[in-house]
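**Student:** 3D, please:
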Amino acid sequence: MAFDERLAERIRSSLGRRKGLVEKKMFGGIAFLLNGNMSVGVHKSELIVRLAPEETDAALAQAHTRRFDLTGRPMKGWILVEQGGLKTEAQLSKWVQIAARYAGSLPPK
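**Tutor:** Presented below is the predicted three-dimensional model:
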């Protein structure tokens, strides 16, 4: 299935030009990696957000979020945000910045 190209464009705009930023096809969609570490991505029409594992439960308490689970074994630190939680640029930017901060804190691959 195709992924939401418009959402991918919005992510590109939100991320801007960052050193070490690479796009890669993953999860049947597209992922944005910082220094080799997954940051955000698009799966179908939803935003994939990678965040600190200890922030997972708080993130899931917010509207329009759910665990990212393609394998039946969900991991802490990975969530999906539905379109309803991405209507404004401020909503999208919040999640993109959380993910970029976490990915940027990891050792380069």
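
**Student:** how close does the residue lying closest to Ile48 once chain neighbours are set aside get to Glu54?
**Tutor:** Computed as CB to CB, 6 or more residues apart in numbering, the closest residue to Ile48 that is not its neighbour in sequence is Gly41, at 4.0 Å. Every residue, glycine included, has its C-beta placed from N, CA and C. According to CB to CB, to the nearest Å, Gly41 stands 21 Å off from Glu54.

**Student:** just the strands in this protein please.
**Tutor:** With DSSP state E as the criterion, the chain has strands at 21-26, 29-34, 37-43, 46-50, 65-67, 78-81.

**Student:** Could you look over those and pick the most buried one?
**Tutor:** Using mean count of other CB atoms under 10 Å, the stretch among these with the largest mean neighbour count is strand 46-50, at a mean of 25.

**Student:** how about that one as CSV, C-alpha atoms only?
**Tutor:** Only the C-alpha atoms of strand 46-50 are listed here, as CSV (Å, rounded to 0.1, in the frame of the first residue of the first chain):
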residue,chain,number,x,y,z
GLU,A,46,0.0,7.8,10.0
LEU,A,47,3.1,9.3,11.5
ILE,A,48,5.6,6.9,13.0
VAL,A,49,7.4,8.5,16.0
ARG,A,50,10.4,7.1,17.7
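
**Student:** elements contacting it?
**Tutor:** Counting contacts by 3 or more CB pairs under 8 Å, 6 or more residues apart in numbering; DSSP states H and E, strand 46-50 packs against strand 37-43, strand 78-81, helix 89-105.
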